[in-house]
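[1] below are the sequence and a predicted model for it; my questions follow.
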Amino acid sequence: MQAAKQENTTLLDVSDLKMYFPIRKGFLQNVVGHVKAVDDVNFSLCCGETLGLVGESGCGKTTVGRCLIRAYQPTGGVIQYRNESDQTVDLAQLPESILKPYRRELRMIFQDPYASLNPRMTVLDIVGEPLVVHKLARGKELEDRVAVILRKVGLRPEYMRRYPHAFSGGQRQRIGIARALALDPRVVICDEAVSALDVSVQAQILNLLLDLQAEFNLTYLFISHDLSVVEYIANRVAVMYVGKLVEIAPTTKLFSAPRHPYTEALLSAVPKPDPRLRGNRIILEGDVADPANPPSGCYFHPRCRYAKDVCKVEQPSLREIGEKHSVACHFAEELSLSGMP
Ligand SMILES: Nc1ncnc2c1ncn2[C@@H]1O[C@H](COP(=O)(O)OP(=O)(O)OP(=O)(O)O)[C@@H](O)[C@H]1O
Ligand SMILES: [Mg+2]
């Protein structure tokens, strides 16, 4: 389906991405503030790689994904995308009228396979709908194309006239993947794509995603709060906290030698099979900061066990501290943090 592999080509380059949601109050619905769901986020995606995006609930992961597929028009920032004809466009600013081809090239897979599939549509309708909307196939040709895609995701084409309720959770997620793949996309945003599944089924779906990536040279942004899953699938990982990236590094580096105290705390909370290693868990006191009213200085300082005075007043920016390793912490060089054993 895809052209030859173009590794190391930057496909997406996101800079200073912002998504602010207005908070309205009163009879006149005046804007009284903003939820800064995504605030100055920078990262890039190379062709064929998987970037994991992790962080606690409400930190803005889904909002980043929805900005990339332009379900939201970002409040600010640039999303440079190198399209199939090798031209660079800014997806953040493209008017709705010329977005259609990009809606085909960038697709999203959602978390809940029970809620994201319309129960009144057959598998043929669900997987075939994007092909019909983009006027790519109909009638017998549509059925043939849906059959090919279903086989690719490990489902039997004979089931295409069944409704979603006749399938298990894992099979439903395969239907969701088939729908995302129907348009031969280049970038797939997997938003908690395996979080609702049993562990054994999770592994099958992750392996399916890896096989499909290799076959079609797909580029993934893999959003998850589950670090073990991200460790398995991602080449690089970005850690998000209250609308901002706090650390981004190659997966092995981030897991073995984190440089941000928040990453250290997240890693310490990953369940460990060896009971001797379970004692080192860092308990994060307090709740995630409110993106409508974040703390001063470093947003993480109220929960950080290494915080000093400067952290309360000065916001650290994301800076490169090693090869492909960036971190937003004033003391990144001085702290000696623990990673996963
Ligand atoms: N359409 C919206 N209108 C207003 N606020 C929103 C909207 N969508 C998200 N938010 C807010 O933006 C913040 C980030 O939400 P988002 O769904 O991106 O987080 P998340 O990291 O995906 O969380 P989770 O892990 O729970 O899925 C939250 O505070 C949320 O309440
Ligand atoms: Mg989410």
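    In hand now; what should we look at? The structure displayed is predicted, hence computed values, not measured ones. Numbering: from 1, shown residues only. Ligands and ions are numbered 1, 2, ... in the order given.

[2] can you list the residues of this structure near ligand 1?
    Within the chain, the positions lying close to ligand 1 (C-beta under 6 Å from any ligand atom) are 21, 35, 37, 55, 57-63, 225, 291. C-beta coordinates here come from the backbone N, C-alpha and C atoms, glycine included.

[3] include neighbour count and secondary structure when you put those into TSV, please.
    What follows is these, written out as TSV (neighbours: other C-beta atoms under 10 Å; DSSP: H, G, I helix; E, B strand; the rest coil):
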residue	neighbour count	secondary structure
Phe21	16	strand
Val35	19	strand
Ala37	24	strand
Gly55	25	coil
Ser57	8	coil
Gly58	17	coil
Cys59	27	coil
Gly60	25	coil
Lys61	24	helix
Thr62	21	helix
Thr63	23	helix
His225	16	coil
Pro291	22	coil
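
[4] contact partners for whichever residue of the stretch 201-341 of the chain sits closest to ligand 1?
    Nearest residue of the stretch 201-341 of the chain to ligand 1 (C-beta to the nearest ligand atom) works out as Pro291 at 4.8 Å. Residues near Pro291 by C-beta atoms under 8 Å, 6 or more residues apart in numbering: 35-37, 39, 58, 60, 242-243.

[5] with Arg82 instead?
    9-12, 88.

[6] buried only: go through those residues for me.
    Applying 16 or more other C-beta atoms under 10 Å to the contacts of Arg82, the neighbour count classes 11-12 as buried.

[7] what's the most distant pair in the residues of the chain next to ligand 1?
    Using C-beta to C-beta, the two most remote members of the residues of the chain next to ligand 1 are Phe21 and His225, lying 20.8 Å apart.

[8] on that earlier part again, from the contacts of Arg82, which is closest to Val153?
    Of those, the one sitting nearest to Val153 (C-beta to C-beta) turns out to be Leu11, at 22.8 Å.

[9] stretch 172-186 - what's its average pLDDT?
    Mean pLDDT, stretch 172-186: 93.

[10] over to stretch 137-157?
    94.

[11] picking up where we left off before, could the residues of the chain next to ligand 1 go into CSV alongside pLDDT?
    CSV is the format used below for these (pLDDT from 0 to 100):
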residue, pLDDT
Phe21, 96
Val35, 95
Ala37, 96
Gly55, 94
Ser57, 91
Gly58, 92
Cys59, 93
Gly60, 95
Lys61, 96
Thr62, 95
Thr63, 97
His225, 90
Pro291, 90
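
[12] related to what we said a few turns ago, what's the most distant pair in the contacts of Pro291?
    Across these, no pair lies farther apart than Asp39 and Gly58, at 13.3 Å, counting by C-beta to C-beta.

[13] report the secondary structure state of Ala147.
    Per DSSP: H, G, I helix; E, B strand; the rest coil, the secondary structure class of Ala147 is helix.

[14] tell me the contacts of it?
    Counting by C-beta under 8 Å, 6+ apart, Ala147 makes contact with 157, 160.

[15] how much space separates it from ligand 1?
    34 Å (C-beta to the nearest ligand atom, to the nearest Å).

[16] equivalent analysis for Pro164, please.
    22 Å.

[17] wait, that residue touches Ile175, no?
    Yes. Applying C-beta atoms under 8 Å, one finds Pro164 in contact with Ile175, separated by 6.7 Å.

[18] which of these two has more neighbours?
    Of the pair Pro164 and Ile175, Ile175 is the one with more neighbours under other C-beta atoms under 10 Å, namely 24 against 20.

[19] what's the helix or strand that contains that one in contact with?
    Take DSSP states H and E as the rule and Ile175 turns out to sit in helix 169-181. By C-beta under 8 Å, 6+ apart, the residues outside helix 169-181 that reach it are 107-110, 113-114, 116-117, 123, 126-127, 129-130, 146, 149-150, 152-155, 164, 167, 188, 193-194, 196-198, 201, 204-205, 208-209, 212, 216.
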